[in-house]
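Participant: Provide a 3D model corresponding to the input given below.
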Amino acid sequence: MTAGSITDVPGIKVGHAHNHRALTGCTVVLTEQGAVCGVDVRGSAPGTRETDLLQPTHMVERVHAILLSGGSAYGLDAATGVMQFLEERGHGLPVGVGVVPIVPAAVLFDLAIGNADVRPDKEMGYVAAQNASTDCAAQGNVGAGCGATVGKLAGLERAMKSGLGTASRTLPNGLVVGAIVAVNAVGEVRHPKTGQVLAAPRDDDGNLLDSLDLLVRMAHPPVFPGTNTTIGVVASNANLNKAQATKVAQMAHDGLARTIYPVHTMLDGDTLFAVATGGLDVPVDVVGAVSAEVLADAVVNAVKAAEAAGGLPSYQDLKR
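Facilitator: Numbering: from 1, shown residues only. Next up is the predicted model:
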């Protein structure tokens with residue numbers, strides 16, 4: 001697994017909250033002092049909150065946290081708890097009569113594994129924010145990755161357990177780029193350098209199937225629309241404006257394309273945020289290119305750190 005964590009980026013804290021019995025949870029990336037943020041949505045079935053205000057033409061420049069959550073659209077409720085946590089500490093957009101914390105959010109679908117009646121809510125979001133720290137973020141079956149699965153083109157019963165992953169890189173010029181991602185894709189996951197299949201649909205004997213072959217052969221894969229999504233955040237200590245951060249988010253999606261096959265489908269809601277805490281002048285292309293590499297590392301970490309759950313095996317089981 002690749003070393004590093006998104007918390008290596010100055011100004012970034014990460015906190016998780018989850019219910020391992022229900023197999024759901026949420027992850028909060030805190031930027032309490034505010035960070036410039038952009039977003040790019042590539043999947044066709046997204047579940048999001050406060051993404052319109054991140055458009056370069058809109059007024060608000062900085063966010064105070066980003067929520068990644070399970071629970072499908074129900075999980076967006078957890079952002080209210082993050083807002084409460086930030087408001088109590090005076091963090092947010094000044095509006096004359098107080099502050100309004102800006103907390104964009106994206107969710108993934110994990111209702112089909114564990115207990116569908118339990119979803120991240122306001123209380124869980126608040127706890128995740130409380131748990132936020134600069135420590136190396138936990139990986140695997142934690143936070144938004146608690147109920148994540150991949151390789152579902154042959155049906156959920158033939159899928160594999162995935163999770164949450166993080167990674168970072170520090171360049172000689174002082175640029176620090178980190179990523180955190182919850183991998184809940186309909187497609188399979190491959191190592192970007194070796195091409196090794198890490199997690200994919202399985203046949204009756206447990207052998208891995210080719211997702212692209214399944215997609216071509218099946219007119220109607222046994223997968224409900226909107227039941228998959230990979231969501232994440234890339235962060236850096238670069239000085240960026242909102243338009244530049246949006247470009248970084250666009251370029252970072254290349255990290256998903258290097259690891260997930262197929263990706264950005266009609267069945268996925270892939271959404272990436274890019275935040276910049278500032279401090280270093282670096283060309284946008286450098287930040288974006290490195291972000292894609294680090295995100296690919298984080299995807300691999302998410303799959304390798306996951307443990308079997310909900311009756312589904314993980315990469316660790318295949319390795320054994």
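Participant: Point out where the chain drops to low pLDDT.
Facilitator: 219-220, 225-226, 319-320 (pLDDT under 70).
Participant: For it, which segments count as helices?
Facilitator: Secondary structure of the chain (DSSP state H): helices at 78-88, 122-130, 211-217, 242-257, 284-305, 315-319.
Participant: List the buried residues in the shortest one.
Facilitator: Within helix 315-319, the residues that qualify as buried are Tyr315, counting by 16 or more other CB atoms under 10 Å. Every residue, glycine included, has its C-beta placed from N, CA and C.
Participant: Let me see the residues that make contact with that helix.
Facilitator: If you take CB atoms under 8 Å, 6 or more residues apart in numbering as the criterion, helix 315-319 is touched by Met160, Leu198, Ala199, Leu208, Val303, Lys304, Ala306, Glu307, Ala308.
Participant: Dump those residues to a markdown table, plus distance to Asp317.
Facilitator: Formatted as a markdown table, these follow (distance: CB to CB, whole Å):
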| residue | distance to Asp317 |
| --- | --- |
| Met160 | 9 |
| Leu198 | 12 |
| Ala199 | 10 |
| Leu208 | 12 |
| Val303 | 12 |
| Lys304 | 12 |
| Ala306 | 10 |
| Glu307 | 9 |
| Ala308 | 6 |
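Participant: Give me the buried entries from the residues you listed.
Facilitator: For these, a neighbour count by 16+ other CB under 10 Å gives the buried set as Met160, Leu198, Ala199, Leu208, Val303, Lys304, Ala306.
Participant: quick one: the first one and Leu209 touch, right?
Facilitator: No - at 11.0 Å, Met160 does not count as touching Leu209 under the criterion of CB atoms under 8 Å.
Participant: Show me the common contact partners of the two, please.
Facilitator: With CB under 8 Å, 6+ apart, Met160 and Leu209 have common neighbours Ala200, Pro201, Arg202.
Participant: Closest one of these to Val99?
Facilitator: When the shared contacts of Met160 and Leu209 are ranked by distance to Val99 (CB to CB), Ala200 comes first, at 46.1 Å.
Participant: mind listing what the closest one touches?
Facilitator: Contact partners of Ala200, counting by CB under 8 Å, 6+ apart, are Val150, Gly151, Met160, Glu188, Val189, Leu208, Leu209, Asp210, Ser211.
Participant: From those residues, which land in strands?
Facilitator: Val150, Met160, Glu188, Val189 (DSSP state E).
Participant: List the contacts of the last one.
Facilitator: Contact partners of Val189, counting by CB under 8 Å, 6+ apart, are 150-151, 162, 183, 197-200, 259-261, 299-300, 303.
Participant: Burial check on the nearest residue to Tyr74 once chain neighbours are set aside, number of neighbours?
Facilitator: Among residues not flanking Tyr74 along the chain, Arg119 sits closest, at 4.1 Å (CB to CB, 6 or more residues apart in numbering). By other CB atoms under 10 Å, 25 other residues sit near Arg119.
Participant: Does Arg119 touch Leu76 like I think?
Facilitator: No - the pair Arg119 / Leu76 is not scored as a contact, 9.6 Å apart, by CB under 8 Å.
Participant: So for the protein, which residue is the most central one in space?
Facilitator: Nearest to the mean C-alpha position of the chain, by CA atoms, centre = their mean, lies Gly232 at 2.5 Å.
Participant: OK, contacts around that one?
Facilitator: Going by CB under 8 Å, 6+ apart, Gly232 touches Leu68, Ala179, Ile180, Val181, Ala182, Thr271, Leu272, Phe273, Leu295, Ala298.
Participant: repeat that with 7 Å
Facilitator: The contact partners of Gly232, by CB atoms under 7 Å, 6 or more residues apart in numbering, come to Leu68, Ala179, Ile180, Val181, Ala182, Leu272, Leu295, Ala298.
Participant: distance of the fourth one from His91?
Facilitator: This points to Val181. Counting by CB to CB, to the nearest Å, the gap from Val181 to His91 is 25 Å.
Participant: who's more crowded, the two?
Facilitator: Val181 (36 against 19).
Participant: any idea how far the more buried one lies from Ala106?
Facilitator: 11 Å.
Participant: Next: Ala3.
Facilitator: On the measure of CB to CB, Ala3 and Ala106 end up 26 Å apart.
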